[in-house]
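Trainee: the following block contains a protein sequence and its predicted model.
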Amino acid sequence: MTMLLLLFLLLISPNLVLSLNQEGLHLQKIKESFDDPDEALSNWSNRDDTPCNWYGIKCDPVTASVYSVDLSHTNIAGPFPTLLCNFQNLSFISLFNNSINSSLPEEISACVNLQHLNLAQNLLVGPLPSSLSNIPNLLHLDLSGNNFSGHIPASFGRFPRLMVLSLVGNLFNGMIPSFLGNISTLKQLNLAYNPFAPSQIPPELGNLTHLEVLWMTQCNQVGQIPDSLGRLQSLLNLDLAENNLHGLIPKGITNLSNVVQIELYGNSLSGGLPTGMSNLKVLRRLDASKNYLNGTIPEELCTLSLESLFLNENRFEGTLPKSIAKSPNLYILWLSDNRLIGELPKELGMNSLLESIDVSKNQFSGNIPANLCTKGSLQELLLISNMFTGQIPKNLGHCSSLITIEMMDNRLTGEVPPALWGLPRVYLLNLARNLFSGEISTIIQGASSLIVLLISENRFTGNIPDEIGLVENLNKFSGSDNQLTGPLPASLMKLTQLTMLDLHNNALFGELPSGFRSLKELNELNLGNNEFSGKIPVEIGSLTTLDDLDLSRNLFSGNIPLELQNLKLIRLNLSNNYFTGDLPPFYDKEIYRDSFLGNPDLCGDLLNLCPRSSSEAKKQCFVWFIRSIFVLTGLIFVVGVGWIYSKYRNR
Ligand SMILES: *[C@@H]1O[C@H](CO)[C@@H](O)[C@H](O)[C@H]1NC(C)=O
Ligand SMILES: *[C@@H]1O[C@H](CO)[C@@H](O)[C@H](O)[C@H]1NC(C)=O
Ligand SMILES: *[C@@H]1O[C@H](CO)[C@@H](O)[C@H](O)[C@H]1NC(C)=O
Ligand SMILES: *[C@@H]1O[C@H](CO)[C@@H](O)[C@H](O)[C@H]1NC(C)=O
Ligand SMILES: *[C@@H]1O[C@H](CO)[C@@H](O)[C@H](O)[C@H]1NC(C)=O
Ligand SMILES: *[C@@H]1O[C@H](CO)[C@@H](O)[C@H](O)[C@H]1NC(C)=O
Ligand SMILES: *[C@@H]1O[C@H](CO)[C@@H](O)[C@H](O)[C@H]1NC(C)=O
Ligand SMILES: *[C@@H]1O[C@H](CO)[C@@H](O)[C@H](O)[C@H]1NC(C)=O
Ligand SMILES: *[C@@H]1O[C@H](CO)[C@@H](O)[C@H](O)[C@H]1NC(C)=O
Ligand SMILES: *[C@@H]1O[C@H](CO)[C@@H](O)[C@H](O)[C@H]1NC(C)=O
């Protein structure tokens, strides 16, 4: 009978389940308050005694009281469930990466046993609840990636135990307050990516002697970097990038004896790197790029066990210290856009697994070091706009790890090592504007990743090898201003990804191959100033993406195909050829005046190219003249015959 009653009760009111404990009942209410499109909470069943096996819930095994609620990445939506604060033993809440919305209530301070609160990546808005610092044991507070706004409340200076404060990526628009320097227990202060009011980095932050991470990228900070930051003896990571910081890098920085990573890029810092950088024994990464730093690259910096060094886009001068080549862990070296001179150290690459070297836009000279790829790790080699001379070291041709090779705008000479043309992972090979000679090697067929090939303004000779048609990902090929000869290989028509083919100013000859129809992506075709002959392939008229067509200064002849009227060109040049016949009517317009110059037998009405009116008249005149002669001769003949006939008949 009791069983039946119970069953009856169960049926009429599932919420009246007697066995589920109080915290379980609260969680049921919380479940109802959420929108749960992925049914992440589907096993939160009110038929259980405790919520201890429910998704995301952890309980004390003895008392069955909930101590942890972790519903991260579940796609739940709704306001923060303040009801959670009724759970007396709850120390951990993570609702990371959901759609928790509206504002965070002051009542959150009722969660008195919370140690860890992660509400990052949600849709929270409004001000920070000032009551948060009343939670006595709060150690970890992560509110990153929401739309919190306004000021950081003064109460935040009074967190008694807080170790991690993360407010990254919100809409805070007050100043960064100096009282953050009062949270003496802090190990991480993450404030990056907020539109703070322009202010100076509070010197008080130097009081946070337990701080390990100070992350202030894009925080609108102005003025100088306080020297007091040098007191952050525990600091591992200092990130002040992309602010408006001015003045010198303070010498105090060199006291950060535990610092592993320093990010100062994208500010307006000036002067030299401070002396004493060699104190930073464990520094692995220094990025001071995009500032106005000057002076020389200090030798002592190069003695550290750096892994990556970014000093690009500054005003550094002098030479690169030879000791950099001894740096055993260096894998990224970016020094582009400075005023550096002299040779690169010959040993560069011999001792370290170098992956990326960018020394572009300096005044480096001498040869390219032969051992850059000794360890077989080099992926990027950027030497653009320097004064490098001599040949490319043969070794580089065997550097199969290379992905990007840019040597444009130097004074490099001789033949390119044949193997370099065919490196299997290279997608960008830029050798333009040097003094290279020799031929494009047939080995290029191995360049299966090549997308951009730029070799213009050199002294390359010989044919374009048929094998180029096997470089099937090729997108751009610029070989202009060389001494290339022979025909355009028909295999080029297999390069269906090609967007740009620029071979102007060479000595190429012969008729254009058929198959242009397959170059469906072609934007630019420039074959100007060669010795190509024959007709323009009608197929070119089907290249709807073409916007620049230059076939000027060749030996092309025949009619200009009417099909070219289908093109939507921004630039067209067919000047200085031997085209004949009539201009397609679409091009018989003033704006195309300079597109058909120097084709003496090409006719157009409006453009007056071979003025039809006068030439036609001349032709008519000539025909009339010939006809007259015939008529006259005929007449004379008839008259003569008549005369003779009449004369002799009358006898
Ligand atoms: C609920 O789901 C979680 C994770 O999917 C699982 O670990 C747990 O055992 C399930 N609980 C019950 C009561 O089915
Ligand atoms: C909290 O935990 C303590 C000790 O583990 C226990 O005695 C107490 O009953 C728990 N509180 C609740 C509400 O479960
Ligand atoms: C956020 O959660 C969704 C599932 O709701 C998941 O697909 C996504 O990868 C998560 N994003 C991050 C950054 O963890
Ligand atoms: C919060 O999310 C819930 C569930 O999707 C929705 O019903 C409610 O309108 C949202 N509130 C706000 C302020 O966006
Ligand atoms: C958050 O702020 C961004 C930028 O102001 C805005 O585009 C977005 O709609 C806001 N989201 C919410 C939930 O308020
Ligand atoms: C921060 O600490 C200083 C020095 O102890 C104190 O004068 C100041 O009132 C504190 N600020 C806040 C907001 O608690
Ligand atoms: C914190 O640092 C500031 C400036 O660096 C200093 O004036 C102040 O006395 C320090 N406060 C404490 C409590 O150490
Ligand atoms: C850095 O260390 C030097 C020498 O120990 C000391 O004189 C100086 O005050 C320190 N600077 C900071 C900002 O801690
Ligand atoms: C470096 O820049 C500072 C500040 O702009 C200037 O005073 C100094 O003369 C410069 N030094 C050199 C060597 O150019
Ligand atoms: C075409 O090339 C000729 C030289 O061959 C040049 O004079 C003319 O300006 C060019 N026209 C256009 C439109 O580029």
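Mentor: Noted; the coordinates are in hand. Ligands and ions are numbered 1, 2, ... in the order given.
Trainee: skipping adjacent residues, who's closest to residue 161 in space?
Mentor: residue 185 (5.4 Å; C-beta to C-beta, 6 or more residues apart in numbering). (C-beta placed from N, C-alpha, C; glycine too.)
Trainee: I meant residue 207, not that one.
Mentor: residue 181 is the one closest to residue 207 (C-beta to C-beta, 6+ apart), at 4.4 Å.
Trainee: try residue 244
Mentor: Using C-beta to C-beta, 6+ apart, the closest residue to residue 244 is residue 222 (4.8 Å).
Trainee: now do residue 543
Mentor: residue 522 (5.2 Å).
Trainee: and the helix or strand hosting the residue nearest to residue 244, which residues are buried?
Mentor: Using DSSP states H and E, residue 222 sits within strand 221-223. The neighbour-count check on strand 221-223 (16 or more other C-beta atoms under 10 Å) flags residue 221 as buried.
Trainee: same deal with stretch 194-211?
Mentor: 194, 196, 199, 201-208, 211.
Trainee: how about it and ligand 5, any contact?
Mentor: No: for stretch 194-211, no contact with ligand 5 is found by C-beta under 6 Å from any ligand atom; the gap never falls below 9.4 Å.
Trainee: what about that stretch, how long is it end to end?
Mentor: One end of stretch 194-211 sits 20 Å from the other (C-alpha to C-alpha, to the nearest Å).
Trainee: so does that stretch get close to ligand 6?
Mentor: No: Stretch 194-211 stays clear of ligand 6 (C-beta under 6 Å from any ligand atom), getting no nearer than 7.6 Å.
Trainee: pLDDT (mean, whole number) over that stretch?
Mentor: Across stretch 194-211, pLDDT averages out at 97.
Trainee: spell out which parts of the stretch 51-200 of the chain neighbour ligand 4.
Mentor: Checking the stretch 51-200 of the chain against ligand 4 by C-beta under 6 Å from any ligand atom, the hits are 77-78, 101-102.
Trainee: show me how to select, in ChimeraX, the buried members of those residues.
Mentor: Buried residues within those, by 16+ other C-beta under 10 Å, are selected in ChimeraX with:
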select :77,78,101
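Trainee: okay, the residues of the stretch 51-200 of the chain next to ligand 4 in JSON lines with distance to ligand 8, pLDDT and secondary structure next?
Mentor: JSON lines is the format used below for these (distance: C-beta to the nearest ligand atom, whole Å; pLDDT from 0 to 100; DSSP: H, G, I helix; E, B strand; the rest coil):
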{"residue": "77", "distance to ligand 8": "48", "pLDDT": "98", "secondary structure": "strand"}
{"residue": "78", "distance to ligand 8": "48", "pLDDT": "97", "secondary structure": "strand"}
{"residue": "101", "distance to ligand 8": "44", "pLDDT": "97", "secondary structure": "strand"}
{"residue": "102", "distance to ligand 8": "44", "pLDDT": "95", "secondary structure": "strand"}
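Trainee: what does the chain have sitting close to ligand 3?
Mentor: 73, 75, 97.
Trainee: ranking those by neighbours, who comes first?
Mentor: residue 97 (17 neighbours; other C-beta atoms under 10 Å).
Trainee: relative to ligand 10, how far out is residue 417?
Mentor: The gap separating residue 417 from ligand 10 is 36 Å, by C-beta to the nearest ligand atom, to the nearest Å.
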